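S.K.: I need the structure of the sequence given here:
(one chain, ligands or ions: 2)
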Amino acid sequence: MALPIPAPASADIGVTGMGVMGSNLARNLARNGYKVAIHNRSSAKTEEVYTEHGSEGEFIPSENMEDFVGSLSRPRVAIIMVKAGAPTDAVIEELASRMEEGDIIVDCGNSLFTDTRRREAALKERGLHFVGTGVSGGEEGALWGPSIMPGGSPQSYDRLGPMFEKISAHVDGEPCCTYIGADGAGHFVKMVHNGIEYADMQVIGEAYDLLRRSLGLSPAEIADIFAEWNKGELDSYLMEVSVEVLRQVDAKTDKPLVDVIVDAAAQKGTGAWTVQTALDLGVPVTGIGEATFARGLSSSPAQRAAAQGFAGEAQEWNVEDREAFIEDVRKALYASKLVAYSQGFNEIQAAAEAYGWDINLGALARIWRGGCIIRAQFLNEITRAYDADAKLPLLIGDSYFYERIVDALPSWRRVVSQATLHGVPVPVFSSSLSYYDGVRSERLPAALIQGQRDFFGAHTYQRTDAEGAFHTMWAEDGRAEVQW
Ligand SMILES: NC(=O)C1=CN([C@@H]2O[C@H](COP(=O)(O)OP(=O)(O)OC[C@H]3O[C@@H](n4cnc5c(N)ncnc54)[C@H](OP(=O)(O)O)[C@@H]3O)[C@@H](O)[C@H]2O)C=CC1
Ligand SMILES: O=C(CO)[C@H](O)[C@H](O)COP(=O)(O)O
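M.R.: Ligands and ions are numbered 1, 2, ... in the order given. As a prediction, the model looks like this:
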């Protein structure tokens, strides 16, 4: 079917990139009453969207970038929804070279926030607004209401905000979209959202694995347990998804689908970016880190093959009180998840300070309550906690969460120790517990590390009883201490 000739300068907004996310975002905009210009590198996809969904609203399809930009009303707003990295740079240039001062380019892909900062600065010099925007919710979210995290200038939010708030998910009548902060702030928080997503998925995986190996439960039985958990404080989209996956039976083999899926978790990079950035900022995100490394371990065939047959279980499982054990696992999962969120929010706080972003953490938790992959009931409490204290240093120190951590602690310790005794890997359960024990410790062995650093490299240390930097003359008789 030949596409109609695009009407010039008439679309409210345009979307280029008619893949999974872009096509659904365009349909969402059109369904909400906006006239949407659509374009894709290969025009067959534009044609497909127009043919199959043209009746859902007003679309202006274009076969090439010239017509696409020409079809946008001024000041133009064009959303890019393509692969992150070089493809995004290429599309930005194609758009920017055809745009005029005051026009807005919005990148809704999962771009690295440092790329966004670079692009924003470069386009500003050309008189264009560039808005790096995190979008979460997958295919269904993009179509029916995602969580939207726009960065860029506040002026561009004046133009984009009403549209984005309208098409976003809504919880309790509130849109799951808010202005996050300047330049790369939107993509930064989306990156951390994905890091938290990794940790959340991994803790659910650890609970599943433990229940299966300890109690010999089937995937369907574990799905029933998870469905129960999903009625309480663990209520979340990822728990819901897990129930669906564990209940699924493979039509070809009649086995649980989860037993047919290759146990090698893939990743597109946002989890790794979260960890790399946290390392740069000096923020421990051990839950996200372990979750990312767990995916790496699962996808290391050579190492896994070499280790098959290695000595393992130190004890046979013999769980006397099955119900109590299941409850222990639930609490360990909840506490580990809290730590991962607490760490993720700390990373955002550190970045806000480093990059001068004024990020409202309460508002951020509010827009994650719906539309996105980590949507969960307990985000209401996170919102409450940061609304009450915008500078809360530790989410798990908020009285509501702290009470739950204290309640979970004995279970958490039992689960981690039992898993360790029985040779079941629980990297996020255990690292989160170690983080909790580390952060609550009055003294840490870091004092010894400072001593070691000073010994071999004269790196100096601080004293508990005096200001300044000190060095011990380790190689000299008497080992006198000098102030540096
Ligand atoms: N899938 C998801 O759940 C989510 C994805 N995202 C992000 O959204 C973006 C799009 O993802 P998704 O829709 O899933 O991806 P798809 O693989 O479905 O689509 C990719 C799109 O990118 C286009 N593209 C690729 N390379 C180029 C290039 N060099 N020049 C121009 N266009 C190019 C493709 O065009 P063509 O058809 O011509 O190949 C296609 O339109 C990504 O950044 C992704 O990380 C964000 C949130 C959730
Ligand atoms: O952004 C998303 C949701 O918010 C994507 O689903 C995410 O990119 C999936 O990441 P990965 O492929 O690394 O698991």
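S.K.: wait, residue 220 sits on residue 245?
M.R.: No: using CB atoms under 8 Å, residue 220 is not in contact with residue 245; the gap is 11.1 Å. All C-beta atoms are positioned from the backbone trio N, CA, C, and that covers glycine.
S.K.: Of those two, which one has the most company?
M.R.: Legend: neighbour count by other CB atoms under 10 Å for residue 220 and residue 245, higher for residue 245 (17 against 14).
S.K.: How much space separates that one from residue 382?
M.R.: Shown here: residue 245 relative to residue 382, a distance of 26 Å by CB to CB, to the nearest Å.
S.K.: now residue 288
M.R.: Here the criterion is CB to CB. By it, residue 288 lies 16 Å from residue 382.
S.K.: Which one's more surrounded, the two?
M.R.: Counting neighbours by other CB under 10 Å for residue 288 and for residue 382 shows that residue 288 has the greater number, 30 against 26.
S.K.: And the strands in the protein?
M.R.: Taking DSSP state E as the test, the strands found in the chain are 13-16, 36-39, 59-61, 77-80, 104-107, 129-136, 147-150, 170-171, 174-175, 461-463, 466-472, 481-483.
S.K.: Touching the fifth one from outside, list them.
M.R.: Taking CB atoms under 8 Å, 6 or more residues apart in numbering as the criterion, the residues outside strand 104-107 that touch it are 75-80, 88, 92, 95-96, 99, 116, 119, 123, 128-133, 150, 152, 156, 159-160, 187.
S.K.: Then the third one?
M.R.: Contacts of strand 59-61 with the rest of the structure, by CB under 8 Å, 6+ apart, involve 3-4, 6-7, 10-11, 14, 26, 30, 35-39, 46-47, 49-50, 53, 71.
S.K.: and what of the first one?
M.R.: Residues external to strand 13-16 that are found in contact with it (CB under 8 Å, 6+ apart): 22-23, 25-26, 29, 34-40, 60, 65, 68-69, 71-72, 76-82, 91, 95, 163.
S.K.: How is this protein divided into domains?
M.R.: Domain ranges of the chain: 13-179, 190-440, 445-483, per the TED database.
S.K.: Redo these as TSV? Include mean pLDDT.
M.R.: Listed next are the domains of the chain as TSV, based on pLDDT from 0 to 100:
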stretch	mean pLDDT
domain 13-179	97
domain 190-440	97
domain 445-483	98
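S.K.: Pick the most deeply packed of these.
M.R.: The highest mean neighbour count among the domains of the chain, using mean count of other CB atoms under 10 Å, belongs to domain 13-179: a mean of 20.
S.K.: Could you show which parts of the protein are in contact with ligand 1?
M.R.: 17-22, 40-42, 45, 81-84, 87, 90-91, 109-110, 135-136, 138 (CB under 6 Å from any ligand atom).
S.K.: try it again with 8 Å
M.R.: 16-23, 40-42, 44-45, 81-84, 86-88, 90-91, 108-111, 134-139, 141-142, 146, 190, 268, 270, 373 (CB under 8 Å from any ligand atom).
S.K.: Out of the residues you listed, list just those in helices.
M.R.: Mapping these onto helices (DSSP state H) picks out 20-23, 44-45, 86-88, 90-91, 138-139, 141-142, 190, 270.
S.K.: show me the contacts for residue 327.
M.R.: Residue 327 sits next to residue 411 when contact means CB under 8 Å, 6+ apart.
S.K.: so how far is ligand 2 from it?
M.R.: 30 Å (CB to the nearest ligand atom, to the nearest Å).
S.K.: what does residue 171 give?
M.R.: From residue 171 to ligand 2 the distance is 17 Å (CB to the nearest ligand atom).
S.K.: For that residue, which non-adjacent residue is spatially closest?
M.R.: Distance criterion CB to CB, 6 or more residues apart in numbering; nearest residue to residue 171, sequence neighbours excluded, is residue 370 at 3.9 Å.
S.K.: try residue 342
M.R.: Using CB to CB, 6+ apart and skipping the chain neighbours, the partner closest in space to residue 342 is residue 395 (3.7 Å).
S.K.: Run a quick check on that neighbour versus residue 402, I expect a contact.
M.R.: No: at 9.4 Å, residue 395 and residue 402 do not qualify as touching, with contact defined as CB under 8 Å.
S.K.: show me the contacts for residue 199.
M.R.: 287, 288, 290, 291, 336, 337, 340, 344, 428.
S.K.: Return the residues in contact with the closest residue to the third one other than its chain neighbours.
M.R.: With CB to CB, 6+ apart as the measure, residue 427 is the residue that lies nearest to residue 290, at 3.9 Å, once sequence neighbours are left out. Taking CB under 8 Å, 6+ apart, we find residue 427 in contact with 202, 206, 290, 291, 293, 294.
S.K.: what do you get for residue 401?
M.R.: Neighbouring residues of residue 401 by CB under 8 Å, 6+ apart: 338, 342, 381, 385, 395.
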